[in-house]
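> Here's my sequence, what's the structure:
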Amino acid sequence: MKKNLIKTMTAATLVGLMVSAAGCAVYAEEAAPAAAQGAEEAQELKSIGEKAEGETVYAVKLTNQTGKDITGLAIKEAAEEAFPENMLTEGDVFAQDEERILYYDSAAAVEANEAANEVEENQKLMKPVYTVQITFADESVEELHSFPFGDVEAAALCQGEEVLYITYTSVAEGTEINTEEAELMEKQMAEEMNFEPEQVTYDQSQIVYEVPVYQESAPQQPAAQEPAAAPVQEPAAAPAQEPAAAPVQEPAAAPVPDMAPVTMDPAGAGCVTGGEVY
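The predicted structure follows:
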């Protein structure tokens, strides 16, 4: 009886061990594909630039959502005069919808920024400002201004109607950010600063120059002159004469009639004239 009990307990223990082993095997089968898948994804992502680590090294996961293949990528700080060499090797194409890890060591850029901003002690230095230049397979070139290194872990490259921009989640604020509006403002400012009056150019090959040929002029003969016509004189206008004033005639004195001598009649009979008595 005792032997049968021991056999029964031993059999039960063996069954439990077998069940546990089977469970562990199932868990291992489920966990292994997930771990392998994560490692496989990490291995599939290509890099842009050389993989490195350090305080000045940034690593950003980029997704190409521009709708075009990218053949060139270069980064410079505002204090640097020109973009350095292409971070994509010759023949390497960052394809549409592809994801890659961008590694950028900013040590040289930080040094250039500090040299360009030599300031007095205790005065705050200006932060580096990074510009990313993107070259597409069609040879067109776009730029991303004020790229937020240090505040971005993953970003999508997008092509708008006028500018290239990115969308990402800010590490500091935890909010979704779209830089299209900022890129449009940057473009407008650049156009205003670089505005120049339109210059008219001419095709020199189309300009014809006429060279005057010198010819000795023949002596000129005096031209025959016709006798000058006598000037037509208009009759001089008679001077206006004022009407002569009528002579003032004094009234003629009335003729004095001859009067016969008058003698008085001594008799007082009257006057005697010519022998007549009045």
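> okay, CA-based contacts and neighbour counts for the rest of this
Fine.
> roughly how far apart are Met87 and Glu162?
Separation of Met87 from Glu162 (C-alpha to C-alpha, to the nearest Å) stands at 25 Å.
> Dump stretch 56-69 to CSV, restricted to CA.
C-alpha atoms of stretch 56-69 as CSV (Å, rounded to 0.1, in the frame of the first residue of the first chain):
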residue,chain,number,x,y,z
THR,A,56,27.7,66.3,-29.1
VAL,A,57,26.2,63.5,-31.1
TYR,A,58,22.5,63.6,-32.1
ALA,A,59,20.5,60.6,-33.3
VAL,A,60,17.2,61.2,-35.0
LYS,A,61,14.9,58.8,-36.7
LEU,A,62,13.8,60.3,-40.0
THR,A,63,11.0,59.1,-42.3
ASN,A,64,11.0,60.3,-45.9
GLN,A,65,7.4,61.4,-46.6
THR,A,66,8.3,64.0,-49.3
GLY,A,67,7.1,61.8,-52.2
LYS,A,68,10.5,61.9,-53.8
ASP,A,69,13.8,60.0,-53.4
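> Now do it, average pLDDT.
The average pLDDT within stretch 56-69 is 96.
> again, but for stretch 103-119
The model assigns stretch 103-119 a mean pLDDT of 86.
> picking up where we left off before, of Met87 and Glu162, which one has the most company?
Set side by side, Met87 and Glu162 show more neighbours around Met87, with 19 against 11, by other C-alpha atoms under 10 Å.
> can you tell me how far the more buried one sits from Asp69?
Plainly put, Met87 is 15 Å away from Asp69 if you go by C-alpha to C-alpha.
> looking at this, Ala112 is in a helix?
Yes. Assessed with DSSP: H, G, I helix; E, B strand; the rest coil, Ala112 lies in a helix.
> That one - nearest residue in space that isn't next to it in sequence?
In space, and not counting its chain neighbours, Ala112 is closest to Ala79: 5.9 Å by C-alpha to C-alpha, 6 or more residues apart in numbering.
> so Lys61 makes contact with Arg100?
Yes. Proximity of Lys61 to Arg100 meets the contact threshold set by C-alpha atoms under 8 Å, at 5.7 Å.
> Give me the more crowded residue out of those two.
Neighbours per residue (other C-alpha under 10 Å) separate Lys61 from Arg100, with Arg100 holding more: 20 against 17.
> Quick check on that one: phi, psi?
Backbone torsions for Arg100, taken as degrees, to the nearest 10, come to phi -140, psi 160.
> and it, what are its bridge partners?
Beta bridges link Arg100 to Lys46, Leu62, judged by DSSP bridges.
> Without its sequence neighbours, what residue ends up closest to Thr167?
Among residues not flanking Thr167 along the chain, Asn178 sits closest, at 4.6 Å (C-alpha to C-alpha, 6+ apart).
> so what's that neighbour up against?
The contact partners of Asn178, by C-alpha atoms under 8 Å, 6 or more residues apart in numbering, come to Tyr165, Ile166, Thr167, Tyr168.
> Tabulate those residues (TSV), appending pLDDT and neighbour count.
Formatted as TSV, the contacts of Asn178 follow (pLDDT from 0 to 100; neighbours: other C-alpha atoms under 10 Å):
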residue	pLDDT	neighbour count
Tyr165	98	24
Ile166	98	23
Thr167	98	16
Tyr168	98	20
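> Now, those that are in strands?
Using DSSP state E, the subset of these located in strands is Tyr165, Ile166, Thr167, Tyr168.
> you'd agree the first one is up against Cys158?
Yes. Counting by C-alpha under 8 Å, Tyr165 touches Cys158, with 5.4 Å between them.
> low pLDDT regions in the stretch 51-200 of the chain?
In the predicted model, the stretch 51-200 of the chain carries pLDDT under 70 at residues 119-125, 195-200.
> so how far is Glu183 from Leu88?
Note on Leu88: its distance to Glu183, by C-alpha to C-alpha, is 24 Å.
> try Glu161
For Glu161 relative to Glu183 (C-alpha to C-alpha), the value is 12 Å.
> if we can go back for a sec, right, and the residue nearest to Ala112 touches Val110 too?
No. Under the criterion of C-alpha under 8 Å, Ala79 is not in contact with Val110, lying 9.1 Å apart.
> who touches both of the two?
Common neighbours of Ala79 and Val110 are not found (criterion: C-alpha under 8 Å, 6+ apart).
> which residues sit in contact with His145?
Contacts for His145 (C-alpha under 8 Å, 6+ apart) come out as Tyr130, Thr131, Val132, Glu183, Glu186.
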